[in-house]
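**Student:** structure of the sequence below:
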Amino acid sequence: MSVNFKPLADRVLIESAPAEQKTASGIIIPDTAKEKPLKGTVVAAGPGKTDEPMTVKKGDLVLFGQYSGTEISVEGKTYLVMRESDIYGIF
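**Tutor:** Residues are numbered from 1 along each chain as shown. Next comes the predicted model:
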């Protein structure tokens, strides 16, 4: 997937994983009760800072905080932009 957006410094562009549609027991979750996903795929990553090279790269599946990042729309699709430090880990 190629996006016409290049993050700067230590920022990454993330496509959030879809929210869960139903519970493990099969109960369907209505839109109003769905929680914001906490994982997603890195779509683009900046070059890092001079003293801090980037750890994540395009294609990594990552875990981040519930309130991390800023939602932006690029080419009609919604993504999150956040600093690499807001990412907890890579799956």
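
**Student:** tell me how far residue 39 lies from residue 70.
**Tutor:** Counting by Cβ to Cβ, to the nearest Å, the separation of residue 39 from residue 70 is 17 Å. C-beta: built from backbone N, CA, C; applies to glycine.

**Student:** which of the two has more neighbours?
**Tutor:** A side-by-side neighbour count of residue 39 and residue 70, using other Cβ atoms under 10 Å, places residue 39 first with 15 against 9.

**Student:** just say helix, strand or coil for residue 85.
**Tutor:** Secondary structure, DSSP: H, G, I helix; E, B strand; the rest coil: residue 85 is helix.

**Student:** identify the residues contacting the residue lying closest to it once chain neighbours are set aside.
**Tutor:** Nearest non-adjacent residue to residue 85, counting by Cβ to Cβ, 6 or more residues apart in numbering: residue 10, 7.0 Å away. Counting by Cβ atoms under 8 Å, 6 or more residues apart in numbering, residue 10 touches 46, 48, 49, 52, 54, 83, 84, 85.

**Student:** what is the nearest of the residues you listed to residue 91?
**Tutor:** Looking at the contacts of residue 10 and their distance to residue 91, the nearest is residue 84, at 15.6 Å (Cβ to Cβ).

**Student:** just the pLDDT for the closest one.
**Tutor:** Note on residue 84: pLDDT of 94.

**Student:** same check on residue 69?
**Tutor:** With respect to pLDDT, residue 69 scores 91.
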